[in-house]
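Participant: Fold the following.
(one chain, ligands or ions: 1)
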Amino acid sequence: MATTILSQLSERFESAGKEGDLLFFPSEVHHHEESGIEFEIRLCPALQKKPALPTPHFDAGLGVSKSKDPFSPPYIPGLFLGELKDEEEGQEYVLLLNKYSVVPKHFLLVTKDFQSQSTPLMPCDLVQAFLLLDAARKTGGSFFAFYNCGENSGASQPHKHMQFIPVDGGGPPVEKLAKTVRLEDEKKPFSLSALPYANHVRRLPALSSSTRREDLEESLQEAFISLLDLTISSVRHDPTYPAGSPSYNVILTLEHMHLIPRKLEDHVLNETGDKLSVNALGFAGMLLVKSETELEAVKKEGVGKILRAVGVESVHEQQILDAHEDDRNLDRNASL
Ligand code: AMP
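Facilitator: Now for the predicted structure:
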């Protein structure tokens with residue numbers, strides 16, 4: 001099913017645009033090198049015409065009215081790509097084309113029932129997202145997935161959704177960086193230390209749709225939990241972190257999982273005073289700006305500085321020391 005959907009994606013994207021179900025905003029990518037990383041800044045002036053929506057509250061209990069939830073039925077037929085069901089856990093999903101696309105073929109994996117965008121990714125979410133990335137690979141495309149979790153993550157919709165966009169073979173800029181890291185132990189989380197903010201990454205073992213379901217689930221779930229633990233630990237080191245459940249961004253490729261703790265949704269640019277909303281794409285190394293002035297302001301202020309301002313400080317070294325201490329305590333207790 002996933003491969004059928006992916007193989008029809010180009011055609012469906014074209015026809016949704018022609019029918020007027022999907023709005024495509026043309027943009028151009030500017031490359032900007034900083035700390036040895038080639039960041040992409042996408043300039044999309046047409047977005048100035050798109051009204052900015054206030055960030056909704058994501059708590060499940062607040063009850064989102066179905067008529068206001070674009071991810072509840074009835075779906076716009078031109079955007080509806082199909083349904084998926086996780087046979088193991090029974091969770092059902094809907095695949096939709098992004099109605100407001102800046103990148104062609106941008107699509108969403110949405111839970112069929114309402115679930116909150118503040119909830120962590122469940123094992124079935126991770127498995128289905130990974131299988132979609134694998135299906136894309138099989139149909140000749142390269143995509144990555146992202147999830148904006150929580151009120152300060154840059155998400156605009158409260159109904160649980162993961163997103164998928166195509167990238168060139170090497171992946172988004174931070175993924176290219178992750179691929180260059182040599183690891184002594186591939187099962188341990190690591191941090192991209194060239195980046196000036198807390199980020200937690202796990203290298204995934206070789207997985208595909210032919211991997212046994214339980215092994216696929218175990219690998220993805222184990223990686224996610226270890227990164228979520230570190231995300232929460234990073235946030236706890238910041239005494240001014242806002243109350244409530246922590247926000248973070250997830251970036252998933254076929255090779256790595258990245259979690260980035262978030263403190264703020266947007267950053268006020270020094271030069272212009274404009275608010276720049278940052279989501280997982282920004283942390284993938286692909287910021288979006290709406291004008292030449294904003295583009296220049298971002299380059300002048302520095303991508304790393306902007307991301308640090310909406311993320312949290314890295315305490316990776318301390319976390320490694322704490323992990324060693326825990327290992328030593330376990331060894332000591334085992335030998336008693
Ligand atoms: P986020 O802003 O990260 O929460 O992602 C939500 C995405 O849903 C945005 O990229 C919107 O463009 C997209 N979107 C909003 N309304 C619809 C809709 N009715 N159908 C499909 N996508 C939508």
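Participant: SS state for the closest residue to Ala2 other than its chain neighbours?
Facilitator: Nearest non-adjacent residue to Ala2, counting by CB to CB, 6 or more residues apart in numbering: Ala135, 3.8 Å away. For the C-beta atoms, the positions are set from N, CA and C on the backbone; glycine is no exception. On the three-state scheme (DSSP: H, G, I helix; E, B strand; the rest coil), Ala135 is labelled helix.
Participant: ok, Ala135 - contacts?
Facilitator: Ala135 makes contact with Ala2, Thr3, Ile5, Leu6, Ser209 under the criterion CB atoms under 8 Å, 6 or more residues apart in numbering.
Participant: again, only this time at 6 Å
Facilitator: Residues counted as contacts of Ala135 (CB atoms under 6 Å, 6 or more residues apart in numbering) are Ala2, Thr3, Leu6.
Participant: what's the answer for Val29, then?
Facilitator: Taking CB under 6 Å, 6+ apart as the definition of contact, the neighbours of Val29 are Glu40, Arg42.
Participant: Pretty sure it sits in a strand.
Facilitator: Yes: counting by three-state DSSP, Val29 is found in a strand.
Participant: Compute the number of surrounding residues for Leu259.
Facilitator: Leu259 is surrounded by 30 other residues when neighbours are defined as other CB atoms under 10 Å.
Participant: correction: Val94
Facilitator: Summarising burial for Val94: neighbours were counted as other CB under 10 Å, giving 20.
Participant: ditto for Ala16
Facilitator: Other residues within reach of Ala16 by the criterion other CB under 10 Å amount to 24.
Participant: which stretch of helix or strand covers it?
Facilitator: Mapping Ala16 onto the secondary structure by DSSP states H and E places it in helix 9-19.
Participant: Residues of the stretch 101-250 of the chain that sit close to the ligand?
Facilitator: The stretch 101-250 of the chain has residues Leu108, Asn148, Ala155, Ser156, Gln157 near the ligand, with proximity defined as CB under 6 Å from any ligand atom.
Participant: tell me the mean pLDDT over the one helix or strand the first one maps to?
Facilitator: Using DSSP H and E, Leu108 sits within strand 107-111. In this model, strand 107-111 has a mean pLDDT of 98.
Participant: cool, and stretch 211-224?
Facilitator: For stretch 211-224, mean pLDDT rounds to 97.
Participant: Please list the outside residues in contact with it.
Facilitator: Under the criterion CB under 6 Å, 6+ apart, residues Pro123, Leu126, Val127, Phe130, Arg202, Pro205, Leu207, Met257 lie in contact with stretch 211-224.
Participant: Could I have the CA atoms of stretch 93-109 written out in CSV?
Facilitator: The C-alpha coordinates for stretch 93-109 follow below in CSV (Å, rounded to 0.1, in the frame of the first residue of the first chain):
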residue,chain,number,x,y,z
TYR,A,93,-3.6,6.7,9.6
VAL,A,94,-4.5,8.9,6.7
LEU,A,95,-2.0,10.3,4.2
LEU,A,96,-2.7,13.8,2.9
LEU,A,97,-0.8,16.1,0.5
ASN,A,98,0.2,19.3,2.3
LYS,A,99,-2.4,21.9,1.2
TYR,A,100,0.1,24.7,1.3
SER,A,101,3.2,23.3,-0.3
VAL,A,102,6.6,25.1,-0.5
VAL,A,103,8.3,21.9,-1.4
PRO,A,104,6.6,19.7,-4.1
LYS,A,105,5.3,16.3,-2.9
HIS,A,106,5.3,17.4,0.8
PHE,A,107,2.8,14.9,2.5
LEU,A,108,1.5,14.2,5.9
LEU,A,109,0.9,11.1,7.9
